[in-house]
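Chemist: Dropping a prediction and its sequence here:
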Amino acid sequence: MTTSLKSLNQLPVKLTSGHRLCAGCGEPILAKQILMGTQRPLVVSLSTGCFEVSTTVYPYTSWNVPLIHTAFGNGAATCAGVEAAYQSLKRQGKIKEEMNFVNFAGDGATYDIGLQALSGAMERGHQMLYVCLNNEAYMNTGIQRSSATNMGADTTTSPAGSVSSGKQGYSKDLTAIMVAHNIPYVAQVSPHNWRDTVEKAKKGFDCGGAAFINAITPCPRGWRTDPSMTVDMAKLAVETCVWPLYEVVDGKYALTAESLKIADGKAEKKPVTDWINAQGRYRHLKEERWAPVVEKMQANIDSRWEKLIRLTEH
Amino acid sequence: MAKKKLEDIAINGDGAVAYAWKQIDPDVCAAYPITPQTIIVEDFSKFVANGEVKTEYVCVESEHSALTLCAASCSAGARTFTATASQGLAYMWEMLPITSSMRVPLVMAVANRAVSGPININNDHGDAMAARDTGWIQMFADNVQSAYDNAIMAPKIAEHPDVQLPIITNLDGFILTHAVERMTPVDTEDVKKFVGEFEPICPLLDYKHPTSHGMLDGPDFYYAHKHQQVEAMDKALEVAEQVFKDFKKLTGREYHLVDEYRCEDAEYVAIILGSSYGTMQETVDQMRDAGIKVGAAMPHIYRPWPEKEIARLIKGKKAVAVFDKHVSLGAYGPLYPEVVAAAIDLEEVPKMYNFMYGIGGADTSVSTLKGAMESVVKGSADKINYVGMKL
């Protein structure tokens, strides 16, 4: 199957409309793209978070595929449990078909409370895809900082104030931590580039082992952006190299899509000020006194980008 | 009766549980080693390594993931077992009520051990009692034989269509887990036939009939779902009684919701859980020899609480001594108020005493229990007592 809009449009709908996510939420956009990455029977697992509470409000469900949620910090173990049952029953001949397993979790459930369970599941090599819907804070509980929150962001637990520029310190490079698990497939995606996301999801589902995809997922409420700007924000994250698109297949790095173009000099690497000026969560950084913070942010983005270029041997 | 009567073997409690699981041969087992449960996971790992079971065995990175993985695996349609103890059970705690609310009929052995702190690896019932209100059925064993028998009976109770609840089979850490006793095993074919095939309800892997598990409830649905669990717990008592009867037919070994020893004509009854039930039986014999009419009883099923059987047991007795291997700090031992609650509908409520004993593994000898029971007979005991404390 080619990754064309025409063909993707023919696929069965796994996550239906009518869910209770906010207008402009990036999560269902990204999740639908991931779900298009497999045509095998699929079981979906969710860590507690916006995506879970908004799609499984009893007695209704938004899911046309089997779905399980247990708790916040254990999405990887939940998904691994379903996969373990599958491996056992398949070996016994009680299931014939090839199946796929995917867990969706926010950055709180992935970078922070769920890191241990995620690390365990990846190390054990369960045949599953773990997708982090990274909106860079605990949005479900009301925009509290996570270790995925970038420097300078105003959140309810890292508020900008008279003596604070918002979140201190840089975001954790979780994707690199996942690469260090020596799993067959790791990638970063953005919902603005549906083709790149669907193709990476396919690779994740097909890799025969544990796969991890980290997705920048704009949140209009937390980022203080207009709901109509979600896809533009995702694109801007890539264009500023705040969120490079790349994949690591069996340890080999490769840039993809817009990020490859930037590395090749075929597209402009936009400054972090474009990113900051577009979002209300960074509004305070326009004050002259926080100029050094903006400089540090740019320097961090640059050094991470250069490191990635080196890793891709570009 | 069983087709084949097997020779007795010498085995410790952990080994007996692992042996029962090997005979049942579950689809999935995920566990994390913790003293004194360790031998169960080590023994079972060997069965897997030698191809003696078909089980998918997952060495998880924590107990939280162990129970999560088991709950998900069982929801997916696989018969699933796990085991833990003390801190492990505490670390699992978040998943305990989630597992029961999802109506996952998985089986977990708990090698009872004191909960930190201070850190202490010896036996008491603090771990099981902290899991009391989480919607799990709990069975207790008084010796290696009953730990083995419980492991075989547990899936029958948990998986019954009217029950569909997870079950803990408790066995006292070290006293049972590590002590070698004589035990009569059941023939593997008979075990398999007794336990039967696992018939999951709405399993996730039945992808042609997709269902959503573990959903969000508003207040009214939450309340209603909790009440469904209450009803399932009530059913579990009936089902357990039937399973005990069936097990007796197979093995000749007899269990009841509340196991009794010389209670019928007793004037004084001791209620106690776990391995000390055996010590109490010896105490009863010695006191009976001295002409004192004493009896002992152990709730074989602790959750759901067999209130009617307890009320029937203590009716007409002069005094009841409730022994707790744990204390709800600032209140009573956990068993005591429940026995008192079972007694309040009786026309004449016996005198009720509470004895804490064996906390943190403090040695519980016949003389300790005898001293306690003699103070009950004399009427010199306080309402709440701490016995066997050396310092």
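Modeler: Thanks, I have the structure now.

Chemist: quick one: the helices in the stretch 1-150 of chain B?
Modeler: B:13-24, B:38-49, B:63-76, B:86-92, B:95-101, B:126-130, B:144-158 (DSSP state H, counting those that start in this stretch).

Chemist: Just list what the shortest one packs against, helices and strands only.
Modeler: If you count contacts as 3 or more CB pairs under 8 Å, 6 or more residues apart in numbering or on different chains; DSSP states H and E, helix B:126-130 packs onto helix B:86-92, strand B:107-112. Backbone N, C-alpha and C define where each C-beta goes, glycine included.

Chemist: next one: the fifth one
Modeler: Secondary structure elements in contact with helix B:95-101, counted by 3+ CB pairs under 8 Å, 6+ apart, are helix B:63-76, helix B:219-251.

Chemist: Which among these is found nearest to chain A?
Modeler: For these, the distance to chain A is smallest for helix B:63-76, at 2.8 Å, taking CB to the nearest CB.

Chemist: So for the closest one, mean pLDDT?
Modeler: Averaged over helix B:63-76, pLDDT sits at 98.

Chemist: State the three-state secondary structure for residue A:212.
Modeler: Using DSSP: H, G, I helix; E, B strand; the rest coil, the structure places residue A:212 in strand.

Chemist: Which residues are in contact with it?
Modeler: By CB atoms under 8 Å, 6 or more residues apart in numbering or on different chains, the contact set of residue A:212 is A:118, A:122, A:129-132, A:175, A:178, A:181, A:183, A:185-187, A:204.

Chemist: ok, it to residue A:99 distance?
Modeler: 19 Å (CB to CB, to the nearest Å).

Chemist: per-residue pLDDT, residue 245?
Modeler: In the absence of a named chain, this looks at chain A. 98.

Chemist: hm, I was asking about chain B
Modeler: So, for residue B:245, pLDDT stands at 98.

Chemist: again with residue A:314
Modeler: 68.

Chemist: can you check residue A:1 too?
Modeler: 51.

Chemist: Flag the shaky bits of chain B, pLDDT-wise.
Modeler: Residues of chain B meeting the criterion pLDDT under 70: B:1-3.

Chemist: In TSV: the helices and strands packed on helix B:126-130, plus distance to chain A.
Modeler: Conversion of these to TSV gives the following (distance: least, CB to the nearest CB, whole Å):
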stretch	distance to chain A
helix B:86-92	10
strand B:107-112	14
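
Chemist: from the ones you listed, which stretch is densest packed?
Modeler: strand B:107-112 (a mean of 31; mean count of other CB atoms under 10 Å in any protein chain shown).

Chemist: Report all helices and strands that it contacts.
Modeler: Under the contact rule (3+ CB pairs under 8 Å, 6+ apart), strand B:107-112 is packed against helix B:13-24, strand B:80-84, helix B:126-130, helix B:144-158, strand B:167-172.

Chemist: for the longest one, packing partners?
Modeler: What that stands for is helix B:144-158. Against helix B:144-158 (3+ CB pairs under 8 Å, 6+ apart) you get strand B:9-12, helix B:13-24, strand B:107-112, strand B:137-140, strand B:167-172, strand B:180-183, helix B:188-195, helix B:219-251.

Chemist: could you dump stretch A:182-202 to CSV, C-alpha only?
Modeler: What follows is stretch A:182-202, C-alpha atoms only, in CSV (Å, rounded to 0.1, in the frame of the first residue of the first chain):
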residue,chain,number,x,y,z
ASN,A,182,19.1,-0.9,21.5
ILE,A,183,15.6,-1.5,20.2
PRO,A,184,15.0,-2.0,16.5
TYR,A,185,13.0,1.2,15.9
VAL,A,186,12.9,4.7,17.4
ALA,A,187,11.6,7.9,15.7
GLN,A,188,10.4,11.4,16.3
VAL,A,189,7.3,12.5,14.4
SER,A,190,5.0,15.5,14.1
PRO,A,191,1.3,15.5,13.1
HIS,A,192,1.7,18.2,10.5
ASN,A,193,3.6,15.7,8.3
TRP,A,194,1.1,12.8,8.0
ARG,A,195,3.1,11.0,5.4
ASP,A,196,6.2,10.9,7.5
THR,A,197,4.2,9.8,10.6
VAL,A,198,2.3,7.1,8.9
GLU,A,199,5.4,5.6,7.3
LYS,A,200,7.3,5.7,10.6
ALA,A,201,4.3,4.0,12.3
LYS,A,202,4.4,1.3,9.7
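
Chemist: Quick one: mean pLDDT over it.
Modeler: Average pLDDT, stretch A:182-202: 98.

Chemist: Is any residue of that stretch near chain B?
Modeler: No. Using CB under 8 Å from any CB of the partner chain, stretch A:182-202 never reaches chain B; the gap is at least 15.0 Å.

Chemist: Name the residues of the stretch 51-200 of chain B found near chain A, please.
Modeler: B:54-56, B:58-62, B:64-65, B:68-78, B:80, B:94-95, B:98, B:102.

Chemist: repeat that for 10 Å
Modeler: Taking CB under 10 Å from any CB of the partner chain as the contact definition, the stretch 51-200 of chain B meets chain A at B:54-62, B:64-80, B:94-95, B:98-99, B:101-102, B:104, B:200.

Chemist: Now that we have those, which of them are buried?
Modeler: Neighbour counting with 16 or more other CB atoms under 10 Å in any protein chain shown marks B:55-58, B:60-62, B:64-80, B:94-95, B:98-99, B:101-102, B:104, B:200 as buried within those.

Chemist: Residue B:300 is in contact with residue B:271, correct?
Modeler: No. Counting by CB atoms under 10 Å, residue B:271 does not reach residue B:300; the two are 12.0 Å apart.

Chemist: what's the span of stretch A:108-121 from first residue to last?
Modeler: End-to-end distance for stretch A:108-121: 17 Å, by CA to CA, to the nearest Å.

Chemist: any idea which helix or strand carries residue A:60?
Modeler: Residue A:60 is part of no helix or strand when elements are defined by DSSP states H and E.

Chemist: before we move on, back to that, out of the helices of the stretch 1-150 of chain B, the one nearest residue A:74 is which?
Modeler: Closest to residue A:74 of the helices of the stretch 1-150 of chain B is helix B:63-76 (CB to CB; 4.2 Å).

Chemist: ok and the closest one relative to strand B:107-112, angle-wise?
Modeler: 160 degrees (axes from the mean of the first three to the mean of the last three CA atoms, to 10 degrees).

Chemist: Centre of the chain to helix B:63-76, how far?
Modeler: 20 Å (CA atoms, centre = their mean, to the nearest Å).

Chemist: cool, and stretch B:333-346?
Modeler: When distances are taken as CA atoms, centre = their mean, stretch B:333-346 is centred 19 Å away from the chain's centroid.

Chemist: just checking, which of the helices and strands packed on strand B:107-112 sits deepest inside the structure?
Modeler: Most buried of those, by mean neighbour count (mean count of other CB under 10 Å): strand B:80-84, with a mean of 31.

Chemist: That one: partners in the sheet, and parallel or antiparallel?
Modeler: Take DSSP bridges as the rule and strand B:80-84 pairs in its sheet with strand B:28-31 (parallel), strand B:107-112 (parallel).

Chemist: so the last one versus helix B:144-158, what angle?
Modeler: Spelled out, that is strand B:107-112. Using the same axes, to 10 degrees: strand B:107-112 against helix B:144-158 is 140 degrees.

Chemist: As CSV, could you dump the C-alpha coordinates of strand B:107-112?
Modeler: Output in CSV follows, covering the C-alpha atoms of strand B:107-112 (Å, rounded to 0.1, in the frame of the first residue of the first chain):
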residue,chain,number,x,y,z
VAL,B,107,-4.2,-15.7,41.0
MET,B,108,-1.5,-14.3,43.2
ALA,B,109,0.4,-16.0,45.9
VAL,B,110,1.5,-13.7,48.7
ALA,B,111,4.4,-14.9,51.0
ASN,B,112,3.3,-12.9,54.0
